[in-house]
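> need coordinates for the following:
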Amino acid sequence: MHADATENLDLLIAEEKSRVAQEVFHDAWQTALDEGIEVEILAEVALANALTLLHGSEGVGAVETLLESVSTRLSCGHFDPDRKLQ
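This next block holds a predicted model:
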């Protein structure tokens with residue numbers, strides 16, 4: 001039962017880190033937009049930086065896994081701002 005509690009705690013911690021990261025990223029993104037930087041430029045720079053840092057810390061396999069995941073999610077409409085959850 002101890003392992004279940006540890007897994008639940010790890011999941012809660014990961015979810016909280018994700019929430020905080022989203023807030024921080026959103027604030028930085030909004031600041032850049034307010035400075036007049038176009039969304040396409042922001043997206044390209046954010047992706048390039050993220051992939052470079054991920055490659056440096058986790059290796060090329062982690063980058064490939066992330067890109068495959070993003071490609072699959074894109075195909076499923078995950079990033080469509082108008083998508084409706086049923």
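> got the residue ranges for the helices in the protein?
If DSSP state H is used as the criterion, the helices of the chain fall at 2-34, 39-58, 60-75.
> generate JSON lines for the ones you listed, with distance to residue 82, mean pLDDT and mean neighbour count as supplementary columns.
Heads up, the C-betas are built off the backbone N, CA and C, glycines and all. Putting these into JSON lines (distance: least, Cβ to Cβ, whole Å; pLDDT from 0 to 100; neighbours: other Cβ atoms under 10 Å) gives the following:
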{"stretch": "helix 2-34", "distance to residue 82": "19", "mean pLDDT": "94", "mean neighbour count": "10"}
{"stretch": "helix 39-58", "distance to residue 82": "16", "mean pLDDT": "97", "mean neighbour count": "12"}
{"stretch": "helix 60-75", "distance to residue 82": "14", "mean pLDDT": "97", "mean neighbour count": "12"}
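> switch the ones you listed over to TSV; also include distance to residue 85.
Output for those, formatted as TSV (distance: least, Cβ to Cβ, whole Å):
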stretch	distance to residue 85
helix 2-34	18
helix 39-58	23
helix 60-75	14
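> phi, psi for residue 37 please.
phi -80, psi 130 (degrees, to the nearest 10).
> residue 60 versus that one, what's the distance?
Applying Cβ to Cβ, to the nearest Å, the value for residue 37 to residue 60 is 29 Å.
> and what of residue 34?
35 Å.
> likewise residue 8?
32 Å.
> same deal with residue 69?
15 Å.
> also residue 35?
Residue 35 is 33 Å from residue 60, by Cβ to Cβ.
> ok, now residue 31?
31 Å.
> likewise residue 23?
From residue 23 to residue 60 the distance is 30 Å (Cβ to Cβ).
> equivalent analysis for residue 11, please.
27 Å.
> kindly report the same for residue 12.
31 Å.
> report pLDDT for residue 81.
We have a pLDDT of 87 for residue 81.
> okay, now it: neighbour count?
Residue 81 is flanked by 4 other residues according to other Cβ atoms under 10 Å.
> for it, phi and psi?
Torsion angles, degrees, to the nearest 10, at residue 81: phi -70, psi -20.
> and if you look at residue 76?
Dihedral angles (degrees, to the nearest 10) for residue 76: phi -90, psi 0.
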